[in-house]
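Novice: got a sequence here, can you build the structure:
(one chain, ligands or ions: 2)
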Amino acid sequence: MSQQIHWFPGHMKKALIEIEKKVKLVDCVIELLDARIPLASQNKTLSKVTENKLRLIVLTKSDLADPEMTKRWSEYFKEQGFAVIFADLNKNSDIQNIIIKVEKLGENKQQKLIAKGMKPQPIRAMIIGIPNVGKSTLINKLAKRRSASVQDKPGHTKAQQLIKVSNRFELLDTPGILQNSYEDKQQAMLLAISGSIKMDILPLNDVGSYAYDFMHKYYFANLVTRYPYLEEKDTSFDAFTKIARSRGYLNQGVEDTSKAIKVFLNEVKSGQIGKVSFERI
Ligand SMILES: Nc1nc2c(ncn2[C@@H]2O[C@H](COP(=O)(O)OP(=O)(O)OP(=O)(O)O)[C@@H](O)[C@H]2O)c(=O)[nH]1
Ligand SMILES: [Mg+2]
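Specialist: Ligands and ions are numbered 1, 2, ... in the order given. Below is the predicted model:
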């Protein structure tokens, strides 16, 4: 468990420079965090380079997360002074709530302009987040609200694509993406379980038993609902053997536990074993 996983290849450095440039064009960043792992899915470098901007934290995939934990995480970020909202990005009412929140963050800018006798300008925002957290989904939903929405506006260095979400809210159409560099294996594990990094970066057995042990500790009732033959005393190895047997994953008559682990992790990730948060507060 002491082995460190550092991964910051050249294209990541390029991405960071690109983001630093883009951040200069906006008033506000919409930082997407996975509601199931709000800390592990936060890229510290991204947060740092955008720290001087207005910020809305969106806890995405809240439909897959433990509602009680999501509520507590929202409080946690609020206490730190951030505007925060949780959302199922596939739900229109949640998209509408995000728009309202961003417009609210822009009110100050508009008041200032009006006070100076100038025309109020829309708040300009950009979306940031690690891979798979929902950036494209959110951009597409925000863009879809207006068909004639995409326009070219001159930016500092080149024309930036801006999506007009409303008269008070414009969105940069390309998100800032940075893969995390993993300080510890646990963080990498959580990102693998939730789908932000490829499973095969880590030993399958480790990810499988981590996920199982966690579910066993905090969501045992969910496990039994999905796999009624599981017992309290089952270790992860017992469990994966039983799952393989029950589903008929056999390799020359022997239980194929690797297959069972993959299927199990997939079911965890997609919410088939219930609403689960892998970071608790
Ligand atoms: N259940 C659920 N799924 C979501 C939500 N938001 C996004 N997804 C799904 O998560 C997956 C990744 O979403 P994307 O929008 O492609 O994520 P992204 O941040 O653009 O990912 P990259 O382009 O790889 O950086 C897709 O399968 C989405 O349908 C959500 O709120 N709830
Ligand atoms: Mg994307």
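Novice: OK, contacts around the residue in the stretch 51-200 of the chain that ligand 2 sits nearest to?
Specialist: Nearest residue of the stretch 51-200 of the chain to ligand 2 (C-beta to the ion) works out as residue 136 at 3.2 Å. Where you see a C-beta, it was placed from the backbone N, CA and C, and this is true even at glycine. Neighbouring residues of residue 136 by C-beta atoms under 8 Å, 6 or more residues apart in numbering: residue 175.
Novice: give me the buried positions along the helix or strand hosting it.
Specialist: For residue 136, the enclosing helix or strand under DSSP states H and E is helix 135-144. The neighbour-count check on helix 135-144 (16 or more other C-beta atoms under 10 Å) flags 135, 138-139, 141-143 as buried.
Novice: could these go into a markdown table alongside pLDDT and distance to residue 102?
Specialist: Listed next are the buried residues of helix 135-144 as a markdown table, based on pLDDT from 0 to 100; distance: C-beta to C-beta, whole Å:
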| residue | pLDDT | distance to residue 102 |
| --- | --- | --- |
| 135 | 95 | 15 |
| 138 | 96 | 11 |
| 139 | 94 | 13 |
| 141 | 94 | 13 |
| 142 | 93 | 9 |
| 143 | 89 | 14 |
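Novice: quick check: next helix or strand after the helix or strand bottoming out on mean pLDDT in the chain?
Specialist: Least confident helix or strand, the chain: strand 150-154 with a mean of 44, by mean pLDDT, DSSP states H and E. Next in sequence after strand 150-154, counting helices and strands by DSSP H and E, comes strand 159-166.
Novice: distance from the chain centre to the next helix or strand after that following strand, please.
Specialist: Per DSSP H and E, the first helix or strand lying C-terminal to strand 159-166 is strand 169-172. When distances are taken as C-alpha atoms, centre = their mean, to the nearest Å, strand 169-172 is centred 20 Å away from the chain's centroid.
Novice: moving C-terminal of strand 169-172, what's the next helix or strand?
Specialist: strand 176-177.
Novice: buried stuff in the longest helix anywhere in the chain?
Specialist: In the chain, with assignment by DSSP state H, the single longest helix is helix 92-115. Neighbour counts over helix 92-115 (16+ other C-beta under 10 Å) mark 94-95, 98-99, 101-103, 105-106, 109-110 as buried.
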